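Peer 1: below is the sequence, then the predicted model.
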Amino acid sequence: MEHEYLIIEEQDEDHVVTGFKDNAPNDIVIPEGVTKIGEYAFKRCAYIKSVIIPESVIVIDSEAFYECTGLTSVVIPSSVKKIEMMAFYGCKELTSIIISDGVEMINWFAFGECANLISVFIPDSIEELGLGAFYHCINLTDASIPEYLSKDAEEAFDKDCPVNITIRANNNCKNNNIVCFHMNISKSHGIVKNMSSLD
């Protein structure tokens with residue numbers, strides 16, 4: 001698959017973005033038909049400001065956007081099933097991420113060291129929330145996760161983060177924006193275990 005500024009290779013049955021050319025712009029548009037954003041594809045590409053990921057992408061591979069320090073926002077479409085290890089690690093200017101319902105795995109340290117990330121909503125489709133997924137996101141104050149992932153939260157969210165975690169007890173809570181339970185992370189005590197209803 002030829003492209004103006006991206007390097008796209010065929011690997012088995014996949015069309016994989018493996019890198020970019022010197023003329024790549026600040027705002028990256030991944031073309032429809034790409035199924036995977038490969039390992040290290042945009043690693044340390046500091047001038048990228050935004051990226052549009054099409055519904056054809058299934059995997060964002062390890063370190064795909066590692067230390068893209070100019071990246072400010074990203075929308076992960078519902079077609080993506082896996083966000084692999086350290087995919088967005090060190091994207092220090094990333095303030096907004098939308099993880100669409102359909103994503104199944106956020107692997108280890110996927111959004112680690114995203115220092116300006118403020119909030120995150122983990123959809124009900126997530127089956128695996130990896131160790132340190134939001135490690136050292138020091139400005140992360142609000143996170144919403146489904147109840148079945150509550151045991152993973154202490155390892156996924158760094159204890160140095162001032163994060164308040166909303167636990168969604170069921171789909172009704174999600175759909176009606178009702179806070180069902182909450183818990184907090186602190187440096188010394190970790191997640192508060194005695195969650196209380198806020199209904």
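Peer 2: Alright, I've got the coordinates.
Peer 1: so what's Leu117 up against?
Peer 2: Leu117 makes contact with Leu94, Thr95, Ser96, Ile97, Phe111, Phe134, Cys137, Asn139, Leu140, according to C-beta atoms under 8 Å, 6 or more residues apart in numbering. C-beta here means a position set from N, CA and C on the backbone, and glycine is covered the same way.
Peer 1: ok, of those residues, which come out buried?
Peer 2: Buried subset of the contacts of Leu117 (neighbour count, 16 or more other C-beta atoms under 10 Å): Leu94, Thr95, Ile97, Phe111, Phe134, Cys137, Leu140.
Peer 1: show residues contacting whichever strand or helix holds the third one.
Peer 2: Taking DSSP states H and E as the criterion, the element that holds Ile97 is strand 96-99. The contact list for strand 96-99 (C-beta under 8 Å, 6+ apart) reads 72-76, 83, 88, 106, 111, 114, 117-118, 120-123, 126.
Peer 1: beyond it, next helix or strand please.
Peer 2: For strand 96-99, the following helix or strand on the C-terminal side (DSSP H and E) is strand 105-106.
Peer 1: and the gap between the residue most central in space within the chain and Tyr40?
Peer 2: Nearest to the mean C-alpha position of the chain, by C-alpha atoms, centre = their mean, lies Phe111 at 5.5 Å. From Phe111 across to Tyr40, the span is 17 Å (C-beta to C-beta, to the nearest Å).
Peer 1: so where do the helices sit in this protein?
Peer 2: For the chain, the helices defined by DSSP state H occupy 150-156, 171-175.
Peer 1: quick one: which of those has the weakest pLDDT on average?
Peer 2: For the helices of the chain, the weakest mean pLDDT is recorded on helix 171-175, namely a mean of 45.
Peer 1: sorry, back to before: show me which of the contacts of strand 96-99 are buried.
Peer 2: Buried by 16+ other C-beta under 10 Å: 74, 76, 83, 88, 106, 111, 114, 117, 120-123, 126, out of the contacts of strand 96-99.
Peer 1: adding distance to Asp158 and pLDDT as columns, could you present these in a markdown table?
Peer 2: Formatted as a markdown table, the buried ones among the contacts of strand 96-99 follow (distance: C-beta to C-beta, whole Å; pLDDT from 0 to 100):
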| residue | distance to Asp158 | pLDDT |
| --- | --- | --- |
| Val74 | 20 | 96 |
| Ile76 | 21 | 98 |
| Ile83 | 18 | 98 |
| Phe88 | 15 | 98 |
| Ile106 | 14 | 98 |
| Phe111 | 11 | 97 |
| Cys114 | 11 | 96 |
| Leu117 | 11 | 95 |
| Val120 | 13 | 95 |
| Phe121 | 18 | 96 |
| Ile122 | 15 | 96 |
| Pro123 | 21 | 96 |
| Ile126 | 18 | 96 |
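Peer 1: tell me the one among the residues you listed nearest to Leu6.
Peer 2: Here the nearest of the buried ones among the contacts of strand 96-99 to Leu6, counting by C-beta to C-beta, is Val74; it sits at 16.4 Å.
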